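Enquirer: Could you work out the structure for the sequence below:
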Amino acid sequence: MNTLKQKIAIIGGTGLTSLANIDIIRREIVMTPYGEPSSPLIYGVINRLETEGAKNSENNELVFLARHGHAHNIPPHRVNYRANLFALKKVGVTSIIAVNAVGGIRHDMRPGSLVVPDQIIDYTAKRINTFYEDNLTHVTHIDFSYPYNAELSQSIIETAKQANIAIIQGATYGATEGPRLETAAEIQRLKNDGCDIVGMTGMPEAALARELGLDYASICVNANWAAGLSDDLISMEIIEENIKNGMAHVLQLLENLLG
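Expert: Numbering: from 1, shown residues only. Down below sits the predicted model:
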């Protein structure tokens, strides 16, 4: 049962461009001062609570946004992160669960495994990463010491345990520019810096959510071992298979958390 009282949004990444188990109530195109979001917002409730009471319950309604577009045609460095986050804030969302595909660096980050990160190191350089840059009356600095909301992250972890879904608690996410994958030397650098996983969509999404006062947590799916950490070459076929397997557990987890 959903014990979360916030209005929840799911930002789906690679492998999660829609929620098959959502009873869709409506779709909405939301315009923002920063342009159009990656996709229309989809409002719905989890199917397994498909009763008249659930459909009319504000607590059970969730919002879904496809980060890369429904056709998965927006690369990570071209995502309009500001429009996505601003649109969710505009429609009353208070909490966001982001789903991210990542590469595993730490020894236990095996392909297909799920992890809830608790820290980020940002290696991106070309992205607009703040709302606070134009027409300011004063300079604003946000506290980003702990980038993920602890309460929301803990709800995800506890729900996974109750549903017997294996999940790893705590990891440092290294956010890279993309869209290419990293070199083995770059991964060694990230490992030396303390990164446990590597992905291309964790930033500036998490920081923008903090600027807007939105609770933000992430469920990461390890799609492959990062470069140089396996004898196998990284292929899109292997990545897609691992994401498919991992996303099946993500959907089950979200159903138990939000249904």
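Enquirer: Let's check: the centremost residue of this structure is which one?
Expert: With distances taken as CA atoms, centre = their mean, A98 lies nearest the centre of the chain, 2.1 Å away.
Enquirer: Just to be sure, I219 is in a helix?
Expert: No: per DSSP: H, G, I helix; E, B strand; the rest coil, I219 lies outside any helix segment and is strand.
Enquirer: Check it and give its pLDDT.
Expert: In this model, I219 is scored at 98, pLDDT.
Enquirer: is it true that it touches S113?
Expert: No: under the criterion of CB atoms under 8 Å, I219 makes no contact with S113, lying 11.2 Å away. Placement of C-beta: from N, CA and C, glycine included.
Enquirer: Of these two, give the one with the bigger neighbour count.
Expert: I219 (27 against 19; other CB atoms under 10 Å).
Enquirer: since we're on P117, how many residues are nearby?
Expert: P117 has 28 nearby residues by other CB under 10 Å.
Enquirer: Would you agree it is in contact with Y173?
Expert: Yes: counting by CB under 8 Å, Y173 is a contact partner of P117 at 4.4 Å.
Enquirer: list residues touching both of these two?
Expert: Common contact partners of P117 and Y173 (CB atoms under 8 Å, 6 or more residues apart in numbering): D196, I197, G202, S218, C220.
Enquirer: For the third one, give me its contacts.
Expert: In this case it means G202. Shown in contact with G202 (CB under 8 Å, 6+ apart): A98, N100, P117, I120, Y173, A175, S218.
Enquirer: now the second one
Expert: Residues touching I197, when contacts are defined by CB under 8 Å, 6+ apart, comprise 102-106, 109, 115, 117, 171-174, 220, 222.
Enquirer: Quick check: pLDDT value at it.
Expert: pLDDT, I197: 98.
Enquirer: how near is it to I219?
Expert: 12 Å (CB to CB, to the nearest Å).
Enquirer: and the helix or strand where A209 lies, C-alpha only, in CSV?
Expert: If you go by DSSP states H and E, A209 is part of helix 205-211. C-alpha atoms of helix 205-211 as CSV (Å, rounded to 0.1, in the frame of the first residue of the first chain):
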residue,chain,number,x,y,z
GLU,A,205,18.4,16.7,-12.5
ALA,A,206,19.0,16.1,-8.8
ALA,A,207,20.3,19.7,-8.3
LEU,A,208,17.4,21.3,-10.1
ALA,A,209,15.0,19.3,-8.0
ARG,A,210,16.7,20.6,-4.9
GLU,A,211,16.5,24.2,-6.2
